[in-house]
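Enquirer: After the sequence you'll find the predicted model.
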Amino acid sequence: MSIDARYSNEAFDNAADANELAEQLDQELLARMRSASDPKAGLSAIVSDLEAIGHHLAEVSSSGHRIVFRADHEHGCTLTLLYGPHDRSVRARFSYRRHMGASIDDLCPWTGADGGVQATVKAFLDSADLSVTDLFGKKPKVLVHRGDVHVEKGFATYAQGNGVFVIDGSLNVAGPLVFTASDLHTVLIVTGNLHATQLAQISDTQLGVGGTTTVDGLLWLDVSDAGFSVFRGPVSSRDRFVGARSAAQFEQGVTGRFLEEPGLDTDAVLAALAEGKSPV
């Protein structure tokens, strides 16, 4: 049983609504897995069939609850397959690369972390009642950049770092900062101050800032249950939105207009920022 070509990588790249197409694929994959006599063989066959229509998948994480495959394409969408071994559930999730941008590796040069940085990471995770084991299931990579980072224009990262990244200094972005990931946790910690013209933190990301956070325009926090934001210093923005599931800690307070009914969603925010526009 092959997978129809209407779910090919090219089809998703050109789809008017890739999310709707993904939901249709969800149902087909779920039915196929439930009818498979051997779940592992069934999953392997699905991966092979998806690769045959242009999705070059690689397994990037595995646990007792799910196996995650991901296909990064230079253009278009990213596919993540989640398989629940216990109930044979399969989910297919897609994200637009054109709204996401660079890898977090491109933010600045990174090197391996020492014990002092590891302690900093633990302190931030303790604030969110989490540990690296809770997030990653095993010891993740921990990388550090020592010194301030200045970005001359906006920086949008579809992080997918599957690790912890620490800027031991301040981060100044002379444009919007977009920080998002899907199904692979990425922790970004800035020990000093953080400044951006707009800041959008989305989905399965974890952000920690030790100093002052200053956002000239919109602060948009819309993370999943697995995400969190810890702001140790004061936070100021012209406007801010905090999603219902977003675990945001403002330890020294926050100022700016709170958008209880923002009149837009995360996709609209990403699209506006990608076009260099202010979402509000």
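Expert: Noted; the coordinates are in hand.

Enquirer: Can you report how many residues neighbour the closest residue to Phe241 other than its chain neighbours?
Expert: The shortest distance from Phe241 to any non-neighbouring residue, by Cβ to Cβ, 6 or more residues apart in numbering, is to Leu259 (4.5 Å). All C-beta atoms are positioned from the backbone trio N, CA, C, and that covers glycine. Using other Cβ atoms under 10 Å, Leu259 has 16 neighbouring residues.

Enquirer: buried stuff in stretch 164-177?
Expert: Neighbour counts over stretch 164-177 (16 or more other Cβ atoms under 10 Å) mark 164-173, 175-177 as buried.

Enquirer: In the residues you listed, find the pair that's most separated.
Expert: Val164 and Gly175 (24.7 Å; Cβ to Cβ).

Enquirer: rewinding a little: is the residue nearest to Phe241 in contact with Val280, as I believe?
Expert: Yes. The pair Leu259 / Val280 is scored as a contact, 7.1 Å apart, by Cβ atoms under 8 Å.

Enquirer: Need the residues touching each of these two.
Expert: Asp239 (Cβ atoms under 8 Å, 6 or more residues apart in numbering).

Enquirer: Let me know the closest of the buried residues of stretch 164-177 to Asp267.
Expert: Nearest member of these to Asp267, counting by Cβ to Cβ, is Pro176, at 15.2 Å.

Enquirer: And the pLDDT at the closest one?
Expert: If you check Pro176, the pLDDT there is 93.

Enquirer: same deal with Ala11?
Expert: On pLDDT, Ala11 comes in at 86.

Enquirer: surely it meets Leu21?
Expert: Yes. Contact criterion Cβ under 8 Å: Ala11 and Leu21 qualify, at 7.1 Å.
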